[in-house]
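Student: model the following, please.
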Amino acid sequence: MERRRIASGSPWEPAVGFSRAYRVGDTVHVAGTGPVESDGGCAPDAHGQAMRCFAIVEAALRDAGASLDDVVRTRMYVTDPAVMDDVGAAHHAAVGHVRPAATMVVVAGLADERWLVEIEAEAVVG
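Tutor: Reported below is the predicted structural model:
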């Protein structure tokens, strides 16, 4: 079975020892994805951050030969229950048309104190 690592260029990938995504056969696993902009910043609001997470997820899926249409599972980690509706709206905009199995969990914190959300995805191609 073919295995392929997908890198995004994040400096954390080699430092921590992970891949942005990993394709095994027809399944693509996308790692927890924070809302990092190309300049290192992030949007101040949860909806903007979630949309950025989904843009990064979409790029990783594309590099793995998949798309948002192939997503079967998402996990959303939020730092405040008050942002759940905003993150849910971004989820709907990105993958609502495929209605993947989804989980949203409130956590104590994420890798960067500015982050309000981090998103993981799994896709099955074909």
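Student: can you list the buried residues in the helix or strand encompassing Val57?
Tutor: According to DSSP states H and E, Val57 maps onto helix 46-63. By 16 or more other CB atoms under 10 Å, the buried positions in helix 46-63 come out as 46-54, 56-61, 63. Where C-beta positions appear, they are placed from N, C-alpha and C, glycine not excepted.
Student: list the contacts of the residue lying closest to Ser19 once chain neighbours are set aside.
Tutor: Among residues not flanking Ser19 along the chain, Arg5 sits closest, at 4.1 Å (CB to CB, 6 or more residues apart in numbering). Arg5 sits next to 19, 21-22 when contact means CB atoms under 8 Å, 6 or more residues apart in numbering.
Student: could you say what helices and strands the worst-scoring helix or strand of the chain on mean pLDDT packs with?
Tutor: In the chain, the helix or strand scored least confidently by mean pLDDT, DSSP states H and E is helix 12, which has a mean of 83. Helix 12 is packed against no helix or strand, with contacts defined by 3 or more CB pairs under 8 Å, 6 or more residues apart in numbering; DSSP states H and E.
Student: next secondary structure after it?
Tutor: Helix 12 is succeeded, C-terminally, by strand 21-24 (DSSP H and E).
Student: the next helix or strand after that next one: which residues count as buried?
Tutor: Counting by DSSP H and E, the next helix or strand C-terminal to strand 21-24 is strand 27-33. Of the residues in strand 27-33, 27-31, 33 count as buried by neighbour count, 16+ other CB under 10 Å.
Student: next, the contact list for the residue of the chain most remote from its centre, please.
Tutor: Within the chain, Met1 marks the point farthest from the mean C-alpha position, 24.6 Å out by CA atoms, centre = their mean. Neighbour list for Met1: 24-25 [criterion: CB under 8 Å, 6+ apart].
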